[in-house]
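**Q** Next one to model:
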Amino acid sequence: MANLKEKLIQYFTDGIKPPGRKNIGAEIEHFIVRAQSFESVPYAGANGVRAVIEKLMKLYPGASATVGEDLLGFTTDEFSITLEPAAQHEISIAQTERVGYVESVYSDFRQKLDCILAELGCTALNTGCRPVGDVREIPLIPKERYRLMDKHFAGTGTGGIEMMRGTCSLQVSVDYFSEEDFRRKVQAAYFYTPLFKLLCDNSAQFAGRPLTGYLKRSDIWNRTDSSRCGIPTGIFAGSYGFSDYAGFLCNMPPIFVIRDGENVPTDNMIANEIFAGKEPIDADIEHLISMAFPDVRLKKYIEIRGADSVPQKYMLAYCALIKGLMYSDDALDHAQYHIRKNKMNEEAVRQAERALMHNGWDSSIYDKPAGIFAETVINMAGSSLPADERQYLSAFEDVIKYGGIAKIPETEA
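**A** Reported below is the predicted structural model:
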């Protein structure tokens with residue numbers, strides 16, 4: 001009988017892909033709001049987010065509805081639509097080697113979505129934090145997973161309510177070709193994460209209050225649940241591998257388990273205690289993995305989660321950046337050199353992020369001015385991309401020039 005850790009290691013081993021393809025996947029979240037006031041549009045109601053999904057699904061013949069307690073999204077051959085806890089609208093675009101494919105699918109999706117929303121007097125916002133409204137008053141969608149998470153996070157920190165109801169992210173995933181390749185990529189992703197967060201910092205205000213600092217979404221996540229968020233301990237160890245990430249999951253409370261189709265709360269029991277003497281099934285493994293929210297998450301691919309939701313041209317720039325870095329030996333070697341030279345641990349990343357939260361682009365990343373660090377990394381990514389994808393990176397020029405996406409004049413945004 002395989003125990004929990006062994007099953008997790010096997011799951012990650014099964015995720016190893018043959019080398020060669022440079023696939024990325026993209027998940028882009030949106031707030032659906034009233035066009036004039038930016039007030040939240042609820043899930044229910046005649047013109048709610050559920051109705052938006054119904055209208056959108058009709059424009060994609062052959063789409064398969066996702067039904068739980070209610071209609072919660074749909075799937076096509078090119079993408080899937082899902083909802084985050086407070087009806088944030090997410091599109092997950094199927095893995096592809098081409099950033100241009102992401103652009104094509106997303107552009108078509110937004111054209112259709114924006115037409116539907118315009119008829120309802122609504123719009124879709126790409127921002128990291130909900131700009132107006134008391135997030136405590138926003139109802140959750142009818143999904144028991146989120147009700148149980150909400151209750152759990154009430155006892156783990158001060159950020160859970162804000163995170164579930166008031167944040168939107170951009171996540172990009174890449175493949176790994178071996179356990180060593182996983183190690184290099186996950187460590188490089190954490191090394192570059194402070195820059196990823198700064199480049200995509202996209203919140204001018206939160207819940208009606210102007211923001212004076214930076215990386216507000218990261219601040220919220222940092223206050224949510226230290227057992228499953230942020231950076232796993234020991235991530236930069238030279239021997240870090242599947243077993244270490246599995247150990248992180250084994251010592252994390254899964255919040256609930258699924259038994260005979262029912263969600264059974266597990267309170268603060270960690271996964272190792274819950275599955276002691278039991279062999280978990282595949283559904284248990286996939287659920288446990290889905291309940292971890294570090295800045296870089298391992299599934300059967302590596303999911304890089306630090307970016308705010310951003311408008312399309314910056315989203316495409318970010319996809320190109322991640323592809324250019326994560327599939328470049330030079331970029332992976334660059335990260336490894338600095339990790340080993342400076343004997344980095346996770347606190348070095350946290351320290352860099354804390355400095356950015358206070359001073360933004362006037363700060364430094366690992367003792368290098370943020371702008372210079374950004375230009376170095378962006379150029380490194382560009383050198384590994386074909387010309388038609390390299391051009392997407394130019395969107396970051398204004399981000400650096402003006403000190404953030406939210407500060408770029410509308411005439412240039």
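**Q** Return the list of helices and strands in contact with the strand ranked longest in the chain.
**A** The residue-count maximum for a strand in the chain (DSSP state E) belongs to strand 24-34. Applying 3 or more CB pairs under 8 Å, 6 or more residues apart in numbering; DSSP states H and E, one finds that strand 24-34 contacts strand 89-96, helix 99-119, strand 122-125, strand 169-174, helix 312-326. For every residue, glycine as well, the C-beta is placed using N, CA and C.
**Q** Can you give me the buried ones in the helix or strand following the shortest one?
**A** I take that to be strand 122-125. As assigned by DSSP states H and E, the chain's next helix or strand after strand 122-125 is helix 144-153. Neighbour-count burial for helix 144-153, counted by 16 or more other CB atoms under 10 Å, picks out Arg145, Tyr146, Arg147, Leu148, Met149, Asp150, His152, Phe153.
**Q** Could you export the residues you listed as CSV, including pLDDT and distance to Ser243?
**A** Below are the buried residues of helix 144-153 laid out as CSV (pLDDT from 0 to 100; distance: CB to CB, whole Å):
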residue, pLDDT, distance to Ser243
Arg145, 95, 28
Tyr146, 97, 31
Arg147, 97, 33
Leu148, 97, 29
Met149, 98, 27
Asp150, 97, 32
His152, 97, 27
Phe153, 97, 28
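**Q** Just send those back as TSV, with distance to Glu6 too.
**A** Listed next are the buried residues of helix 144-153 as TSV, based on distance: CB to CB, whole Å:
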residue	distance to Glu6
Arg145	26
Tyr146	30
Arg147	32
Leu148	27
Met149	27
Asp150	32
His152	27
Phe153	30
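**Q** My read is that Pro280 contacts Lys7, right?
**A** Yes: if you go by CB atoms under 8 Å, Pro280 and Lys7 touch, sitting 5.5 Å apart.
**Q** re earlier: out of the helices and strands packed on strand 24-34, which comes closest to Val41?
**A** strand 122-125 (5.6 Å; CB to CB).
**Q** Pull the distance from the closest one to the chain's centre.
**A** Distance, stretch centre to chain centre, for strand 122-125: 20 Å (CA atoms, centre = their mean, to the nearest Å).
**Q** which helices and strands sit right next to that strand?
**A** Applying 3+ CB pairs under 8 Å, 6+ apart, one finds that strand 122-125 contacts strand 24-34, helix 99-119.
**Q** any idea which of those is most buried?
**A** Ranked by mean neighbour count, the helices and strands packed on strand 122-125 are led by strand 24-34 with a mean of 22 (mean count of other CB atoms under 10 Å).
**Q** and the angle from that one to strand 89-96?
**A** Interaxial angle, strand 24-34 versus strand 89-96 (axes from the mean of the first three to the mean of the last three CA atoms, to 10 degrees): 160 degrees.
**Q** before we move on, the earlier item: report the rounded mean pLDDT for the longest strand of the chain.
**A** Summarised as a single mean, pLDDT over strand 24-34 is 98.
**Q** continuing past it, what's the next helix or strand?
**A** The element immediately downstream of strand 24-34 (helix or strand, assigned by DSSP H and E) is helix 49-57.
**Q** Please work out which residues outside that next one touch it.
**A** With contact meaning CB atoms under 8 Å, 6 or more residues apart in numbering, helix 49-57 is reached by 32, 41-45, 63, 65, 70-71, 73-74, 81, 83, 87, 89, 112-113, 116-117, 120, 122, 141.
**Q** switch the cut-off to 6 Å
**A** Contact with helix 49-57 is made by Ile32, Val41, Tyr43, Ala63, Leu71, Phe74, Ala87, Ile116, as judged by CB atoms under 6 Å, 6 or more residues apart in numbering.
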